[in-house]
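K.L.:
pasted the sequence and its predicted model underneath.
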Amino acid sequence: MSARATQLKLELKKVQELYRKMQADQKALQQQLKEFKTQAGSFSDVVEQILPSIVSVYVMDWDTKQEISSGSGFFVSPDIIVTNYHVVEDIADEDYFYEADEVEQVLVETNDGKLRLAEVVFTGNVEEDLALLLISDFTFDPETGEQVESPQEHPPLELSFDVKVGDRVIAVGNPLGQFAASITQGIISAIREPDESEEVDDEDDDGVAEVKVLQTDAAINPGNSGGPLINMAGQVVGVNTWGWEDADSINLAIASVALDDFLAGFEETFEEDSQN
C-alpha cells in the first residue's frame with residue numbers, strides 16, 4: 001500500500017466527509033441532467049454519452065487532509081485524464097514529467113461514483129494550462145479505508161479540430177460542492193489564434209496568449225474547469241478553462257488542436273525517458 005493510501009486510511013473520517021459531498025454532487029448532476037433533457041432536446045443524449053468519460057478531480061493536502069482545489073477532467077485514453085494545470089498547480093511544477101521518487105497524487109471520482117487515486121504525470125506551462133493524470137487500478141472504499149484492485153478501462157473521448165464560429169457546444173463538468181451548475185450550452189462566438197488572444201489577456205492575466213482558444217457564450221464555472229467543451233457529435237473541441245464574472249459571455253476553452261499538441265509532447269517525452 002502506498003504512503004498516500006495509508007494516509008487516506010488513517011484519516012478516513014475526512015475522506016468520508018468528502019465522499020458524502022461527492023454523492024450529493026452526483027445527485028445534483030443527475031437532477032440537472034433531467035432538467036436539461038426537457039430544455040435541450042438531442043443535446044441531452046450527447047451528454048449522457050460522454051458522462052462516463054468525465055471525472056471530478058480533488059487536490060488534497062495529504063498532511064492536513066484538507067482539500068486544496070478541485071476541478072473536472074476527462075479521459076483521453078483508457079487510463080489518462082486531462083485537466084487544467086491550474087487545478088493541480090499547488091502540488092505540481094510547470095513542465096513536470098513523472099519521476100518515481102516525486103509522485104504527486106490527487107483523488108479522482110469517476111462517473112460511477114468510485115474513488116481512485118491518480119498520479120500527476122505531465123504538465124506544460126502556464127500558457128498551455130493543461131495537465132495529465134494517470135489513474136490507478138484501485139478503488140478506494142470510503143467505508144473501510146481499504147483499496148481494492150479494480151482495473152477498469154474508461155472510454156476516452158474523441159477530439160475534433162473541425163470547429164467554426166456559430167457551432168453549438170456544451171460545457172460539461174462534474175459538480176463540485178457549491179458549484180453544482182455544470183452543464184451549460186451555447187455557441188462558439190470566436191476562435192482566437194495565439195496572437196489574437198493577447199487582446200483578451202490584457203483584461204486579465206490568464207495566460208492563454210500562446211495557445212489557440214475558443215470563446216463561447218456557454219457559461220464556464222469552477223465546476224466545468226478542466227472538463228470538455230463538446231460538439232453535437234460528442235467530440236471534444238476544447239478544454240474548459242475559465243469565464244469572467246464581470247465580462248458578459250466571455251468564456252474560454254483551450255482548443256483541441258492545442259490539446260493534441262500537448263498529448264504529442266507527452267508521448268515524445270515518455271519515449272525519450274524510456275530510452276534513457
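P.N.:
That came in fine, so what should we check first?

K.L.:
list the contacts of Ile91.
P.N.:
Val59, Ile68, Glu104, Val106, Val120 (Cβ atoms under 8 Å, 6 or more residues apart in numbering). Where you see a C-beta, it was placed from the backbone N, CA and C, and this is true even at glycine.

K.L.:
and with 7 Å instead?
P.N.:
Val59, Glu104, Val120 (Cβ atoms under 7 Å, 6 or more residues apart in numbering).

K.L.:
highest neighbour count among those residues?
P.N.:
Greatest neighbour count in these, by other Cβ atoms under 10 Å, goes to Val120: 25 neighbours.

K.L.:
that one and Glu102 touch, don't they?
P.N.:
No - using Cβ atoms under 7 Å, Val120 is not in contact with Glu102; the gap is 9.6 Å.

K.L.:
tell me which other helices or strands the helix or strand that contains Val47 touches.
P.N.:
Val47 is located in helix 43-50, with elements delineated by DSSP states H and E. Packing partners of helix 43-50 (3 or more Cβ pairs under 7 Å, 6 or more residues apart in numbering; DSSP states H and E): helix 12-40, strand 168-172, strand 228-230.

K.L.:
C-alpha coordinates for that helix, CSV please?
P.N.:
Below are the C-alpha coordinates for helix 43-50, written out as CSV (Å, rounded to 0.1, in the frame of the first residue of the first chain):
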residue,chain,number,x,y,z
PHE,A,43,-28.1,17.6,-26.6
SER,A,44,-29.1,15.5,-23.6
ASP,A,45,-28.3,12.3,-25.5
VAL,A,46,-24.9,13.7,-26.2
VAL,A,47,-24.3,14.5,-22.5
GLU,A,48,-25.3,11.0,-21.4
GLN,A,49,-23.0,9.5,-24.0
ILE,A,50,-19.9,11.3,-22.7
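
K.L.:
what about the nearest residue to Lys114 once chain neighbours are set aside, neighbour count?
P.N.:
Closest residue to Lys114 apart from its sequence neighbours, by Cβ to Cβ, 6 or more residues apart in numbering: Thr139 at 4.7 Å. Other residues within reach of Thr139, judged by other Cβ under 10 Å, total 20.

K.L.:
for Thr139, give its distance to Lys27.
P.N.:
20 Å (Cβ to Cβ, to the nearest Å).

K.L.:
so what's the nearest residue to Ala218 once chain neighbours are set aside bridging to?
P.N.:
Computed as Cβ to Cβ, 6+ apart, the closest residue to Ala218 that is not its neighbour in sequence is Gly186, at 3.2 Å. In this entry, Gly186 is beta-bridged to Val169, by DSSP bridges.

K.L.:
dump the residue contacts of Gly186.
P.N.:
Per Cβ under 7 Å, 6+ apart, neighbours of Gly186: Val169, Thr216, Asp217, Ala218.

K.L.:
residues in contact with the helix or strand hosting Val59?
P.N.:
Using DSSP H and E, Val59 falls within strand 54-61. Contact partners of strand 54-61, identified using Cβ under 7 Å, 6+ apart, comprise 18, 22, 67-74, 81, 83, 87-88, 90-91, 106-111, 172-174, 176, 226-227.

K.L.:
which of those residues fall within helices?
P.N.:
Leu18, Met22, Val87, Val88 (DSSP state H).

K.L.:
save those residues as JSON lines, and put in neighbour count, distance to Glu48 and pLDDT too.
P.N.:
Listed next are the ones in helices among the contacts of strand 54-61 as JSON lines, based on neighbours: other Cβ atoms under 10 Å; distance: Cβ to Cβ, whole Å; pLDDT from 0 to 100:
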{"residue": "Leu18", "neighbour count": "21", "distance to Glu48": "26", "pLDDT": "71"}
{"residue": "Met22", "neighbour count": "21", "distance to Glu48": "20", "pLDDT": "70"}
{"residue": "Val87", "neighbour count": "26", "distance to Glu48": "25", "pLDDT": "90"}
{"residue": "Val88", "neighbour count": "25", "distance to Glu48": "28", "pLDDT": "92"}
